[in-house]
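Enquirer: Pasting a predicted model and its sequence here:
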Amino acid sequence: MAVERNKMTNIPFNRPYMSSRVVASVRQVIESGKLSGDGEMCKVVEKQLEQLFHPRHALLTTSGSHALEMAMAILDLKRGEEVITPSFTFVSVANAVIRAGGKPVFCEINGRTLTIDVKDFERRISKRTRAVVPVHYAGVSADMDEIIGVAEARNILVIEDAAQGVNARYKGKFLGTIGEIGSYSFHDTKNYVSGEGGAFVTNSEEFARLAEVIREKGTNRSNFLRGEVDRYSWVELGSSYVLSDILAAVLKCQLDDLDTIQRRRREIHDMYSSGLKELAQQEKLRLPHIPDYCESNYHIFYILLHDEPERNRVMNKLRDFGIGATFHYIPLHSSPYALKSLGTGSLKLPMTDRVSGSLLRLPIYPQLTDDDVQCVIDRVCQILR
Ligand SMILES: *Cc1c(COP(=O)(O)O)cnc(C)c1O
């Protein structure tokens with residue numbers, strides 16, 4: 001064994017990648033004297049996103065959650081209209097739907113990729129359903145062809161929560177650009193970060209125009225800045241979702257290093273996969289599955305243990321060794337807010353519950369050394385043998 005049995009290490013769960021050029025990039029914006037959003041630097045980064053991932057339009061936003069709020073505002077939901085999304089996810093979609101006056105309907109995930117269970121989604125479509133929001137969990141794509149097939153037949157929109165899917169692909173296409181609207185997150189827990197931040201992406205001219213207005217407090221200020229109108233005014237219900245150019249300057253450096261970040265994450269992912277293969281063969285744990293149709297961005301590396309007590313035992317032991325391992329998602333349908341305001345108490349989503357109880361995430365970020373990764377592997381082996 002490469003590690004001494006009881007030696008403490010310090011491997012935090014996450015550390016945001018930082019480019020050596022970030023200070024110069026931020027300084028450039030500060031010295032320009034214009035710190036608000038939708039300025040020179042935002043334009044540069046939006047162009048960068050469009051060139052890298054090929055959505056027709058990319059608009060930087062203050063967060064991934066806010067990009068989803070913009071998407072839901074565009075749907076213009078009538079009271080009681082429904083949006084289907086997995087229960088096994090972060091709270092952003094559900095919040096955005098409720099804020100827009102609609103009702104989130106939680107569905108099951110499939111046990112292979114932990115993304116939306118398409119059959120269950122289809123069963124939950126009603127005459128009030130307006131949209132489905134698949135979540136690309138861990139940087140692995142939901143099965144978009146199947147989802148779009150169902151959605152088109154039932155005349156509902158597909159909005160991708162690609163917060164974790166930036167720079168990952170489904171059948172060659174970048175996640176976020178396949179449905180009608182996609183959202184990215186640049187929160188500092190994600191692969192490419194600005195601290196807080198996100199993007200609204202779409203191929204639709206109409207949605208892009210609306211998004212621009214919603215993002216600028218409901219005004220047509222963007223048209224004004226382009227000289228298309230001679231003054232601007234309040235034309236829709238909006239809010240303030242423009243990312244500051246200071247944060248765009250941080251993000252620019254991350255996107256400049258896109259391949260470096262992706263390559264290192266892949267190497268770590270592969271080290272974990274081969275280092276833990278034997279335990280998987282002995283059925284002590286399950287490893288993540290990446291389908292052939294998907295190119296992952298290796299956002300998360302998780303293992304699935306037998307049950308919740310076993311997961312918690314492994315998690316706590318790793319933490320005792322100084323390794324930041326952590327669970328993921330209390331299912332939304334059993335969260336206090338959903339129980340209280342959506343009455344989801346009787347909803348049964350067994351796969352969601354099982355995954356939520358047995359999943360453990362291991363550290364994965366570019367600054368980890370091979371020794372760090374080997375240390376985590378050795379500790380997991382030591383605990384499970
Ligand atoms: C991180 C995340 C979000 C929210 O992104 P923010 O930029 O933090 O608002 C939404 N959905 C999923 C699946 C996420 O992982």
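Expert: Alright, I've got the coordinates. Numbering: from 1, shown residues only.
Enquirer: which residues does Ser296 contact?
Expert: Taking CB atoms under 8 Å, 6 or more residues apart in numbering, we find Ser296 in contact with Ala138, Gly139, Val140, Ala168, Arg266, His269, Ile290. Backbone N, C-alpha and C define where each C-beta goes, glycine included.
Enquirer: Please list which of those residues also come close to the ligand.
Expert: Residues of the contacts of Ser296 in contact with the ligand (CB under 6 Å from any ligand atom): none.
Enquirer: are any of those residues buried, and which?
Expert: Among the contacts of Ser296, those buried by neighbour count (16 or more other CB atoms under 10 Å) are Ala138, Gly139, Val140, Ala168, His269, Ile290.
Enquirer: is stretch 295-304 anywhere near the ligand?
Expert: No. Stretch 295-304 lies apart from the ligand when judged by CB under 6 Å from any ligand atom; the minimum separation is 8.3 Å.
Enquirer: Give me the residues contacting the helix or strand containing Ile261.
Expert: Element membership of Ile261 [criterion: DSSP states H and E] is helix 258-275. Contacts to helix 258-275, defined as CB under 8 Å, 6+ apart, come from residues 17, 52, 167, 191-192, 254, 287-288, 296-299, 301, 362, 364-366, 368, 370, 373-374, 376-377, 381.
Enquirer: mind listing which of those residues are in strands?
Expert: Those of the contacts of helix 258-275 mapping onto strands are Phe301, Leu362, per DSSP state E.
Enquirer: In helices, which of the contacts of helix 258-275 appear?
Expert: Under the assignment DSSP state H, these contribute Leu52, Gln254, Asp370, Val373, Gln374, Val376, Ile377, Cys381 to helices.
Enquirer: how about the nearest residue to the one residue in the stretch 201-350 of the chain that gets nearest to the ligand, chain neighbours excluded?
Expert: Proximity of the stretch 201-350 of the chain to the ligand (CB to the nearest ligand atom) peaks at His299, 8.3 Å away. Leaving aside its chain neighbours, His299 sits nearest to Gly139 (3.5 Å; criterion: CB to CB, 6 or more residues apart in numbering).
Enquirer: what does Val314 give?
Expert: Closest to Val314 by CB to CB, 6+ apart is Ile383, at 5.4 Å.
Enquirer: secondary structure class for the one you found?
Expert: Here Ile383 is helix, with the state taken from DSSP: H, G, I helix; E, B strand; the rest coil.
Enquirer: Now do the domain split for the chain, please.
Expert: Following automatic domain parsing, one finds the domains of the chain at 22-256, 258-384.
Enquirer: For the ones you listed, give me CSV that also has distance to Thr9.
Expert: Putting the domains of the chain into CSV (distance: least, CB to CB, whole Å) gives the following:
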stretch, distance to Thr9
domain 22-256, 21
domain 258-384, 4
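Enquirer: ok, back up a step: give the burial count for the residue nearest to Val314, as a bare number.
Expert: Around Ile383 sit 18 other residues, with neighbours defined as other CB atoms under 10 Å.
Enquirer: what residues are up against it?
Expert: Contacts of Ile383 (CB under 8 Å, 6+ apart): Arg313, Val314, Lys317, Leu318.
Enquirer: So which of these wins on neighbours?
Expert: Per-residue neighbour counts (other CB under 10 Å) across the contacts of Ile383 peak at Leu318, which has 24 neighbours.
Enquirer: Surely that one is within a strand?
Expert: No. Counting by three-state DSSP, Leu318 is located in no strand; its state is helix.
Enquirer: got a list of what the closest residue to it other than its chain neighbours touches?
Expert: Distances taken as CB to CB, 6+ apart put Ala325 closest to Leu318, at 4.2 Å, once the chain neighbours are dropped. Applying CB under 8 Å, 6+ apart to Ala325 gives the contacts Phe13, Val314, Met315, Leu318, Arg319, Leu360, Arg361, Leu362, Pro363, Val376.
Enquirer: Turn those residues into TSV, columns for distance to Glu81.
Expert: Below are those laid out as TSV (distance: CB to CB, whole Å):
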residue	distance to Glu81
Phe13	38
Val314	42
Met315	39
Leu318	44
Arg319	43
Leu360	37
Arg361	34
Leu362	40
Pro363	41
Val376	45
